[in-house]
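Q: okay, here's the prediction I keep looking at, along with the sequence it came from:
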Amino acid sequence: MNRLILLVTLIGFSFPAISQSTSKEAPPGFDTERSDITHGNIDTISYTSRTVGTTRKALIYTPPGYTTGNKYPVLYLLHGIGGDEKEWYTHGKPQVILDNLYAEGKLVPMIVVLPNGRAMKDDRATGNIMAPDKVEAFATFEQDLLNDLIPFIEKEFPVLADREHRAIAGLSMGGGQSLNFGLGNLNQFAWIGGFSSAPNTKKPELLVPDPEAAKRQLKLLWISCGDKDNLITFSKRTHDYLNEKSVPHIYHIEPGVHDFKVWKNDLYLFSQLLFKVGDTGK
Ligand code: FER
């Protein structure tokens, strides 16, 4: 049985075809900090970027019970056009959402890296965030991620450094980056999520030029969007193409607009799927 189908069956979504729409919503309190559980830890790290020629910052979340005696899979979680490495932390409280999920035994222990996806010398979200050089820097981040940040994380932290233990996901511009970089580097990423992906998302034929390779290599391809988000066309066209080429994926449309209510819910759902069927051999 195809592992994606098995996965989807196990987590309780119905699976009528190659993909399905879902209407799952996180329960009340999923993003409320609890004092009765153990918490993970958030730190800031700095790495040398040969791509940009500067020292760059990222946040890193290590899970409750983290120990350097274990090795962890890694999720790279990317921000949007108006954000930086702190955007998820400030507006999305991923550490609270994930702490609560760990307390319920619903997550595989993983490290989450929150990079700055605007790979240029001044990588702050100031001035005209739509300026061409700033938008271009979101594409340049592919090189920074692959050649600078990932090697740094793998040198400094106890991580499982293979594609089946590496995930990439993000919101909006970060969703487009995740689909572009993930699907463009299937030798590096087996778990890919685009939340409300922006117009930087490559056209489907460029994004997945070899559907058979994608079918073989993907463990999870998640595409989600709010139903009232004007950017939904970019998710929909990707979903339509994947369906046409029979590439398994989850297409999650939920009530909402282009905001963190949707993205927090996406993180809640997506994170629970990660790294759960990747260890069975291949
Ligand atoms: C655009 C509309 C939205 C665009 C980018 C965005 C580069 C990104 C939005 C976000 O990250 O929230 O035309 O062009």
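A: Structure's in. What do you need?

Q: tell me the residues of the stretch 151-282 of the chain that contact the ligand?
A: Neighbours of the ligand within the stretch 151-282 of the chain, by C-beta under 6 Å from any ligand atom: 172-173, 198-200. Backbone N, C-alpha and C define where each C-beta goes, glycine included.

Q: so which of those is the closest to Glu25?
A: Ser172 (20.2 Å; C-beta to C-beta).

Q: and for the closest one, the neighbour number?
A: Using other C-beta atoms under 10 Å, Ser172 has 28 other residues around it.

Q: return the backbone torsion pair for it.
A: Ser172 adopts backbone torsions of phi 60, psi -110, taken as degrees, to the nearest 10.

Q: quick one, strands of the stretch 1-150 of the chain?
A: Along the stretch 1-150 of the chain, the segments classed as strands by DSSP state E, counting those that start in this stretch run 41-49, 54-62, 74-78, 111-114.

Q: right, and those strands - which one's nearest the ligand?
A: strand 74-78 (9.7 Å; C-beta to the nearest ligand atom).

Q: residue in the stretch 151-282 of the chain with the shortest distance to the ligand?
A: For the stretch 151-282 of the chain, C-beta to the nearest ligand atom, closest residue to the ligand: Ser172, 3.1 Å.

Q: got a list of what Ile81 touches?
A: By C-beta atoms under 8 Å, 6 or more residues apart in numbering, the contact set of Ile81 is 125, 129-130, 135, 138, 172-173, 198.

Q: next, it: phi, psi?
A: phi -70, psi -30.

Q: you'd agree Gly256 is up against Asp229?
A: Yes. Counting by C-beta atoms under 8 Å, Gly256 does reach Asp229; the two are 7.1 Å apart.

Q: output the strands of the stretch 1-150 of the chain as TSV; include the columns mean neighbour count and mean pLDDT.
A: What follows is the strands of the stretch 1-150 of the chain, written out as TSV (neighbours: other C-beta atoms under 10 Å; pLDDT from 0 to 100):
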stretch	mean neighbour count	mean pLDDT
strand 41-49	14	98
strand 54-62	19	98
strand 74-78	27	99
strand 111-114	25	99
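
Q: which one, of those strands, ends up nearest to Leu206?
A: Nearest to Leu206, of all these, is strand 74-78, at 19.4 Å by C-beta to C-beta.

Q: what's next to the closest one, contact-wise?
A: Contacts of strand 74-78 (C-beta under 8 Å, 6+ apart): 88, 94, 110-115, 117, 145, 149-150, 153, 157, 159-160, 165-171, 173-175, 177-178, 191, 267, 271, 274.

Q: could you rerun that using 7 Å?
A: Under the contact criterion C-beta atoms under 7 Å, 6 or more residues apart in numbering, strand 74-78 has outside partners 88, 94, 110-115, 117, 145, 153, 159, 165-170, 174, 177-178, 274.

Q: so which of those residues are in helices?
A: Using DSSP state H, the members of the contacts of strand 74-78 that fall within helices are 94, 153, 174, 177-178.

Q: without its sequence neighbours, what residue ends up closest to the residue of the stretch 151-282 of the chain closest to the ligand?
A: Nearest non-adjacent residue to Ser172, counting by C-beta to C-beta, 6 or more residues apart in numbering: Gly80, 3.8 Å away.

Q: hmm, the one you found is touching Gly174, no?
A: Yes. Using C-beta atoms under 7 Å, Gly80 is in contact with Gly174, at 5.8 Å.

Q: fine by me, thanks again.
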